[in-house]
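Novice: following is a predicted model, sequence given first.
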Amino acid sequence: MTRHGPSLELAEQVAGRVGLSFSASRKETVASAIDRVMVRRGIGEGRLLLDRLGSDEDLTEDVISAVTVAETHFFRGPEQFELIRQTILPELLRRRPEGSPLRIWSVGCATGEEPYSLAILCEEEGLLDGVRIDAADISRRALAAAKTGDYGEWALRNTGPRPRQRYFTSCEGRFRLNERLRGQVDFAHLNLGTDALPAPEKRLSEFDLILCRNVLVYLEASAVRRIARQLLDCLSDGGWLLTAPTDPPLWKYA
Ligand SMILES: C[S@@+](CC[C@H](N)C(=O)[O-])C[C@H]1O[C@@H](n2cnc3c(N)ncnc32)[C@H](O)[C@@H]1O
C-alpha cells in the first residue's frame, strides 16, 4: 500500500495492529494523524508502517500519541470528585471489611492528573493510608510523564491555591506533586483493546472504584460494550464504575 495522503483503510489496519478502535466520527482525524506521522518519519508506504508497528517501540508510541486524545487536568469534572468525596467514599468505607484497603483504579489515566487528584482528595479526607490507587494507560510516554509528577500551570487550572501550596512544590512555573502522594499511585501499562480483564494475577480485579473517563467516547460501539463488561467484572461487590458525562451511557451495554 503506497501513501497517497490520509487513508481510512490504513487507519483501520494500524488500529488493528496496535489494538485500538475508533468511533466512525474519528476515522478521518485518525487517518490524518497517521499520515502526519508517516510524513514526519519519512515512511512512504502504509505497508512499511504496518511492518514496523509493534517491533519499533518509538514509532508505535508516536502512532499511539497521534491517534489518542491525552487531554486531562487535575480535578477534571469537579462534580464527580464531589460525588466521590460526599457519597462514594463514605459508602465504600461503611462496607469495607476491617483492615482491608479501598482499591481505586484510574483507567486511561493519561499523564496522571486523575489518579493524583484522587490521591489528594483521599489525603484531604484523612484516608490516604487506607487506600491503594492504581492507574493505567496504553501510552508508555504518558505513563513516564505521570510518574515524574511534574506539571505546568495549565494542568492545575481547576486546582485552588490551598491544594497547590499543600501538595506541590513549585519552581519556575512548574509544580511537582509531593513525594508522599506520588508514592500512593502505581502506574502500569494496559491496552483495553487487547489485554484480558479481570486479571487477578496482575492485581487487576476487585476494585472498589474504577474511573474510566473520557476514554470510551472515542471508541466504536462494539469495543465500548466489551470494555464496559470487562470493567464491571473488575469491580468488587457493590463497587462503582465512573465514566464521564460525555462518554457513552453504559446502561445501554449492560
Ligand atoms: C482524554 S484522556 C482521559 C484522561 C483522564 N481519564 C481524564 O478524564 O481526564 C484518554 C486516555 O485514554 C488512553 N487510552 C486510549 N485508548 C486506550 C486503550 N485502548 N487502553 C488504555 N488506555 C487508552 C489514552 O492514551 C489517553 O491517555
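Specialist: Arrived safely, thanks for sending.
Novice: can you pull out the strands in the stretch 1-150 of the chain?
Specialist: If you assign secondary structure with DSSP state E, counting those that start in this stretch, the strands in the stretch 1-150 of the chain sit at 102-107, 131-137, 150-152.
Novice: ok, the closest residue to Leu49 other than its chain neighbours to Leu50 distance?
Specialist: In space, not counting the residues next to it along the chain, Leu49 is nearest to Ile43; the distance is 5.1 Å by Cβ to Cβ, 6 or more residues apart in numbering. From N, CA and C alone the C-beta is placed, and that goes for glycine too. Summarising the geometry, the distance separating Ile43 from Leu50, computed by Cβ to Cβ, to the nearest Å, is 10 Å.
Novice: what about these two, which has more around it?
Specialist: Neighbours per residue, other Cβ atoms under 10 Å: of Ile43 and Leu50, the larger number sits with Ile43, 19 against 16.
Novice: now do the more buried one, the pLDDT please.
Specialist: You'll see Ile43 listed with a pLDDT of 95.
Novice: which stretches of the chain have low pLDDT?
Specialist: 1-4, 254 (pLDDT under 70).
Novice: any chance you could map the helices in it?
Specialist: Counting by DSSP state H, residue ranges of the helices within the chain are 8-18, 27-41, 46-52, 57-67, 78-83, 89-95, 113-124, 140-148, 161-167, 179-182, 221-233.
Novice: buried deepest among these, which one?
Specialist: Compared across the helices of the chain, helix 113-124 shows the largest average neighbour count, a mean of 23 (mean count of other Cβ atoms under 10 Å).
Novice: now do that helix: everything it contacts.
Specialist: 72-76, 81, 84-85, 89, 104, 106, 109, 128, 131, 133-135, 146, 149, 151, 155, 163, 167, 177, 180-182, 184-185, 187, 211, 213 (Cβ atoms under 8 Å, 6 or more residues apart in numbering).
Novice: near the ligand, which residues of the chain?
Specialist: Within the chain, the positions lying close to the ligand (Cβ under 6 Å from any ligand atom) are 20, 68-72, 76, 108-110, 114, 137-139, 142, 190-193, 213-215, 244.
Novice: which residue ranges make up each domain of this protein?
Specialist: Under the assignment named as automatic domain parsing, the residue ranges that make up the domains of the chain are 8-67, 78-252.
Novice: the last one: how far from the chain's middle?
Specialist: Relative to its chain's centre, domain 78-252 lies at 8 Å (Cα atoms, centre = their mean, to the nearest Å).
Novice: what about it, how long is it end to end?
Specialist: 25 Å (Cα to Cα, to the nearest Å).
Novice: equivalent analysis for the shortest one, please.
Specialist: Chord length of domain 8-67, first to last residue, is 13 Å (Cα to Cα).
Novice: got the CA coordinates for stretch 211-228 in CSV?
Specialist: Once non-C-alpha atoms are left out, stretch 211-228 reads as follows in CSV (Å, rounded to 0.1, in the frame of the first residue of the first chain):
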residue,chain,number,x,y,z
LEU,A,211,-12.7,5.7,36.9
CYS,A,212,-12.7,5.3,33.1
ARG,A,213,-13.5,8.8,32.0
ASN,A,214,-13.1,10.3,28.5
VAL,A,215,-11.7,7.1,27.1
LEU,A,216,-14.8,5.2,25.8
VAL,A,217,-16.2,8.2,24.0
TYR,A,218,-13.5,7.8,21.3
LEU,A,219,-14.2,4.1,20.7
GLU,A,220,-16.5,2.2,18.4
ALA,A,221,-19.7,0.7,20.0
SER,A,222,-18.5,-3.0,20.0
ALA,A,223,-15.3,-2.0,21.8
VAL,A,224,-17.3,0.0,24.3
ARG,A,225,-19.6,-2.9,25.0
ARG,A,226,-16.7,-5.4,25.5
ILE,A,227,-14.6,-3.0,27.7
ALA,A,228,-17.6,-1.9,29.8
